[in-house]
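Asker: This is the structure alone, sequence omitted:
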């Protein structure tokens with residue numbers, strides 16, 4: 001049980017440090033400073049609040065299948081990215097990393113439970129995790 005918390009701790013630090021490093025590598029210093037003015041603790045709390053609202057709404061609506069709910073959540077991730085961040089570095093890093101994590105976790109499931117909806121839920125979770133921790137990393141590093 002303690003090992004899980006250590007892994008989650010390391011994962012949070014990695015999620016939070018990747019975006020500021022990519023911003024420093026690929027963007028000019030002036031653009032990084034402009035993004036810093038948009039990053040605040042209040043904007044991070046807005047993302048968390050929106051994520052909780054989306055999770056509650058997805059759960060409460062009647063869906064014909066879990067794949068339909070996971071697909072809608074995936075589309076809402078893009079809308080939340082546009083509304084709360086809108087930078088290409090966070091979008092590409094979140095998409096590539098969440099898809100890479102899904103591919104690496106593919107063998108962890110039983111062969112009977114390999115549904116596309118489960119993988120979409122994991123992708124949604126990691127995408128939102130990168131969005132939250134990426135904004136938090138920008139707030140703390142810059």
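Answerer: Alright, I've got the coordinates. Fair warning: this is a prediction, and the values are worked out from it, not measured in the lab.
Asker: Identify the residues contacting residue 126.
Answerer: 94, 97, 98, 101, 102 (CB atoms under 8 Å, 6 or more residues apart in numbering). For every residue, glycine as well, the C-beta is placed using N, CA and C.
Asker: Neighbours of residue 12, how many?
Answerer: 15 (other CB atoms under 10 Å).
Asker: Please name the nearest non-neighbouring residue to it.
Answerer: Nearest non-adjacent residue to residue 12, counting by CB to CB, 6 or more residues apart in numbering: residue 133, 6.0 Å away.
Asker: Mind telling me what element that neighbour is part of?
Answerer: Using DSSP states H and E, residue 133 maps to helix 116-141.
Asker: Mind checking the pLDDT average for that helix?
Answerer: On average, the pLDDT along helix 116-141 is 80.
Asker: Show me what counts as buried in it.
Answerer: Neighbour counts over helix 116-141 (16 or more other CB atoms under 10 Å) mark 117-139, 141 as buried.
Asker: go on, stretch 79-86?
Answerer: Within stretch 79-86, the residues scored as buried using 16+ other CB under 10 Å are 80, 81, 84, 85.
Asker: can you pull the contacts of the last one?
Answerer: For residue 85, the set of contacting residues under the criterion of CB under 8 Å, 6+ apart consists of 91, 131, 134, 135.
Asker: Surely the third one touches residue 94?
Answerer: Put plainly, it is residue 134. Yes: using CB atoms under 8 Å, residue 134 is in contact with residue 94, at 7.2 Å.
Asker: ok, how many other residues are close to residue 103?
Answerer: 10.
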